[in-house]
Structures are given as C-alpha cells and as structure tokens.
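Undergrad: what's the 3D shape of this:
(chains A and B)
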Amino acid sequence: MPAETERVRTDDPVRRVMRAPVASVTADRSARELAEELLADEIGAVLVDGTHGPVGIVSERDVITALATGGDLDRLQAADLMSTELVWADPQDAIGDVARRMHDAGVRHVPVRGTSGTVGGMVSVREILDVFAGPAD
Amino acid sequence: MSSPVVTVRADTPLVPAAALLAAHGFTAAPVLGRRGTLIGIVTESDLIRGRVAPPARSGADTPALVEEVMTTPVETVRRDDPVAQVAALMLRSCVRSLPVVDEGELVGVVTRRDLLRAVARHEETSAQVRRRRGVRS
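TA: Numbers count the residues shown, from 1 in each chain, chains lettered A, B, ... in the order given. Presented below is the predicted three-dimensional model:
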C-alpha cells in the first residue's frame, strides 16, 4: 500500500479518496432542510436512512428539480425526492473502476461499504476529478 | 452568482483546465473562443469523461482540448431571472452552472449551489433577495 504522502493514482483503492463520515437524513426532512444540509456539509448528496441502513440518496439535482417544477419546498420530503437505486463501491475498488461505474450509471455520488453493513464513506465525482487532474502518468 | 468569472479558452488541454477548476474550487467554467467570445461551458464531469474515455478523433497523439468536451452552445441567464426559472434552464440544458450575462457582457456564473443557498434563505425571487439586502424593489 502506498504511503499517504504519495500522489493518488487511478488504480489506487477508492478508500484513499472517500469522504467519511457520511451525512445522512431521515426520510421526513423537507426539501428546504435538505438544501440547508447539502450546503452545510459542502457535499453534493446525502444518504437517506432507513431501519436497516440507507434506503436512498438525495442529491443537489433532486432539490433543484423540486425547485424548477414549482414544488412546495417545505412539504416535499426526502422520501419524495430520493433515488432508491444506490450504486455502491467496496473500499478496495480501484478509483478508475469506480469512475467508470459512476459514468455508466450516470451518478455523481457512490457510497462505500463499511464493516458489517455500515456505510464507510462516500466518494463523489469531485474527489475522482482531483485524481484524474493529477500529473499524467 | 460567483463573480468575477474564471474562464478557460477553448484550446486549453484538459489537464490544465481541470487543475484551474480545482484550484479555484469551481465545478464549471465558461469557455471563450479565440476571439474572446463566450462559446460554451465546461464542467468537471466533462473533463473526467475526456480523461477516462478520450474523444474519438484522428491525431490522437495530441492532448484532448476543452472544445472537444465542452457543452456548446451555452444558455445564459440574467441577474434578475427567478431562481426557479434558472433551475429549470439548468435541468433542460443538462448543466450545473450557467453564465450570467448583462448587456452582452459576462458578469458571473450561477451554480446549483447558489440556487440551494437561495432556497435555504427562502429567497426564491429577486424581490426577496432585495429585501434581505435592504434594497427597495
């Protein structure tokens, strides 16, 4: 395993660039509260908690869609806005592979599995960009 | 919106363009043509896609340029446009940022995060923004 001071490469494990801990909300949070949460954490998406782990993800785009379509931002809830098809990564997956999976699935945020069913972190297109923007090999 | 604007030229290679975005913490930049006019917008996702799956073309021994991955033509908004209208235009155009143009001049960039901030502050109309700033409408 490379030392942490070394430049991260696209074949390094995604755990090197994932962000942790991961912000999560309950399914009854309003769209306006989600906007506040997304801004406060400087992240592009939050996970929506269920009884046995995350049941969905709400991104900036979902809140923007509610705004664009004239929805009541105080009544619409995370449960109404969330995507339920989560694309997951394992912490040892290569960053380049996760980038391709994100591109193929059209998602910008991928939760990373932790131990025993927990969420270990989240990687966004932003962290991936930083790796690909590094000096060419 | 963010102002002043960080722009990139259409003939900039992807790597320095990505570095410029990362250095300024921006997710997108308006693209200027050789005559200095606004011709498109390029995002971090465009740049990643260009690195992961370079555009198919002849002359593959030269680096891919911003003009090969940018969104063009680009829609623009005005300072006083309602945020719901800006949000709808972003979704329709499949972009996360839009240039703000005032009398033909590029004066800023408005991003999805700017819209989220407006939602969090209950400022969905320019009249509400003016009220917060203490400006009479």
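Undergrad: list the beta-bridge partners for the residue positioned nearest the centre of chain A.
TA: Nearest to the geometric centre of chain A sits residue A:109, at 3.2 Å (Cα atoms, centre = their mean). Following DSSP bridges, residue A:109 is listed with bridge partners residue A:124.
Undergrad: got a list of what it touches?
TA: Taking Cβ atoms under 8 Å, 6 or more residues apart in numbering or on different chains, we find residue A:109 in contact with A:44, A:45, A:57, A:59, A:122, A:123, A:124, A:125. Any C-beta I mention is one placed from the backbone N, CA and C, and that applies to glycine too.
Undergrad: who are the packing partners of the helix or strand containing the fifth one?
TA: Think residue A:122. Assigned by DSSP states H and E, residue A:122 belongs to strand A:119-124. If you count contacts as 3 or more Cβ pairs under 8 Å, 6 or more residues apart in numbering or on different chains; DSSP states H and E, strand A:119-124 packs onto strand A:45-50, strand A:109-113.
Undergrad: next SSE downstream of it?
TA: Later in the chain than strand A:119-124, the nearest helix or strand by DSSP H and E is helix A:125-132.
Undergrad: can you list the residues of chain A near chain B?
TA: Contacts of chain A with chain B, taken as Cβ under 8 Å from any Cβ of the partner chain, map to A:31-32, A:35-36, A:38-39, A:60-61, A:63-65, A:67-70, A:73, A:96, A:99-100, A:103, A:108, A:125-126, A:128-130, A:132-133, A:135-136.
Undergrad: among those, which ones are in helices?
TA: A:31-32, A:35-36, A:38-39, A:60-61, A:63-65, A:67-68, A:96, A:99-100, A:103, A:125-126, A:128-130, A:132 (DSSP state H).
Undergrad: of these, buried ones?
TA: By neighbour count, with 16 or more other Cβ atoms under 10 Å in any protein chain shown, these hold A:31-32, A:35-36, A:38-39, A:60-61, A:63-65, A:67-68, A:96, A:99, A:103, A:125-126, A:128-129, A:132 as buried.
Undergrad: what ranges in chain B fall below the confidence cut-off?
TA: Applying pLDDT under 70 to chain B flags the ranges B:51-61, B:125-133, B:135-137.
Undergrad: what residues does it have near chain A?
TA: Neighbours of chain A within chain B, by Cβ under 8 Å from any Cβ: B:15, B:18-19, B:21-22, B:27, B:44-45, B:47-49, B:51-53, B:83-84, B:87-88, B:90-91, B:96, B:112-113, B:115-117, B:119-120, B:122, B:124.
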